[in-house]
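Asks: Can you look at this prediction? I've put the sequence above it.
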Amino acid sequence: MTRSFGDGDSKLLVLKGIDLDVRCGDITMLVGPSGCGKTTLISIIAGTLAADAGELVVFDNDLRKMRKSALTRFRAQNIGFIFQQFHLIPTLTCIENASVPLLIQGGSTRQAEKKARAMLERVGLGDHMKKRPAQLSGGQQQRVAIARALVHEPRLVICDEPTAALDAKNGRVVMELFEHVAKSPERAVIIVTHDNRIFQHANRIASMDDGAVFDVHDVDGSKPLPEHLTHIAHA
Ligand SMILES: Nc1ncnc2c1ncn2[C@@H]1O[C@H](COP(=O)(O)OP(=O)(O)OP(=O)(O)O)[C@@H](O)[C@H]1O
Ligand SMILES: [Mg+2]
């Protein structure tokens, strides 16, 4: 799969032929230097950005052949996305933000807020339900974004640096949630990360550089990490 930005002399080929399989039941981590195309790739997988060429199959659906309305519906039902910049709605409280995916699916406000409350409690935000994003720390905002991405139990969870703004304890809580999500054989989790503290939670680590995936490592406690991954420092 390929993707470029701009045209003419300023055309920049950002994804130069990505070939990657993500397995259900797995946590797949995506690592690579800043600017190598990680966010571009996961935005294409999530259907929020189009690829220029290639094939993209998510749970047997060829997203590049889907009509826009079908794609929007498919995304709302099947994908939970945690953006690098969180993208919370500033005028809504935590519980309202976390309810959004369920409301989009047509659920009642009462039911949606009940599930959103339970998810916010799981990420340790039980005391902050009624606050708006501006009243929260970066790590708290990130946990609201995580609760919103998981509340509708999507089959594919995609997160851009989920633990970057979290301390060790909250990072562990969040990774346990992702592990819980991925344990199901019908589900998959993709995590972009620079944080080597969470590599132990991965089943596979795909390494990118300069618009391509150059290594896919199956994590196995008895095997050492490949050399290039041991150089990645703490986030
Ligand atoms: N909308 C855009 N228009 C033009 N160029 C873009 C756009 N989005 C990304 N790029 C360029 O594409 C390249 C890859 O960007 P991307 O955001 O995918 O990198 P990344 O691997 O996620 O980096 P980071 O680790 O810093 O988040 C960069 O050179 C970036 O400047
Ligand atoms: Mg990025």
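Replies: Great, that's in hand. Model, not experiment: these values are computed from the prediction. Ligands and ions are numbered 1, 2, ... in the order given.
Asks: C-alpha only now, for contacts and for neighbours.
Replies: OK.
Asks: in stretch 125-136, what's buried?
Replies: 125, 128-129, 132-133 (16 or more other Cα atoms under 10 Å).
Asks: Alpha carbons of the least confident helix or strand in the chain by mean pLDDT, in CSV - could you do that?
Replies: Of all helical and strand segments in the chain, the minimum by mean pLDDT, DSSP states H and E falls on helix 168-183, at a mean of 85. C-alpha atoms of helix 168-183 as CSV (Å, rounded to 0.1, in the frame of the first residue of the first chain):
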residue,chain,number,x,y,z
ALA,A,168,4.0,3.6,35.1
LYS,A,169,0.9,2.6,37.2
ASN,A,170,-1.7,4.1,34.7
GLY,A,171,0.3,2.7,31.8
ARG,A,172,-0.1,-0.8,33.3
VAL,A,173,-3.8,-0.3,33.9
VAL,A,174,-4.2,0.7,30.2
MET,A,175,-2.1,-2.1,28.9
GLU,A,176,-4.2,-4.6,30.9
LEU,A,177,-7.3,-3.2,29.3
PHE,A,178,-5.8,-3.6,25.9
GLU,A,179,-4.7,-7.2,26.7
HIS,A,180,-8.3,-7.9,27.9
VAL,A,181,-9.6,-6.6,24.5
ALA,A,182,-7.1,-8.5,22.4
LYS,A,183,-7.6,-11.8,24.3
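Asks: how far does it sit from the chain's center?
Replies: 13 Å (Cα atoms, centre = their mean, to the nearest Å).
Asks: which helices and strands does it pack with?
Replies: In terms of contacts (3 or more Cα pairs under 8 Å, 6 or more residues apart in numbering; DSSP states H and E), helix 168-183 is packed against strand 27-31, strand 188-192.
Asks: of all these, which lies closest to Lys65?
Replies: strand 188-192 (21.7 Å; Cα to Cα).
Asks: what about that closest one and ligand 1, touching?
Replies: No: residues of strand 188-192 are not located near ligand 1 by Cα under 6 Å from any ligand atom, the shortest gap being 8.2 Å.
Asks: Note down every partner strand of the helix or strand following that strand and its orientation.
Replies: Moving toward the C-terminus from strand 188-192, the next helix or strand (DSSP states H and E) is strand 204-209. Paired strands of strand 204-209, with direction, are strand 27-31 (parallel), strand 212-218 (antiparallel) (DSSP bridges).
Asks: who's in contact with strand 204-209?
Replies: 26-33, 36-38, 199, 213-219 (Cα atoms under 8 Å, 6 or more residues apart in numbering).
Asks: One more pass at 10 Å, please.
Replies: 15, 18, 20-23, 26-38, 190-193, 199, 213-220, 225-226, 228-229 (Cα atoms under 10 Å, 6 or more residues apart in numbering).
Asks: swap in stretch 114-130?
Replies: By Cα under 10 Å, 6+ apart, stretch 114-130 touches 92-102, 108, 110-111, 113, 135-136, 140-152, 170-171, 173-174, 177.
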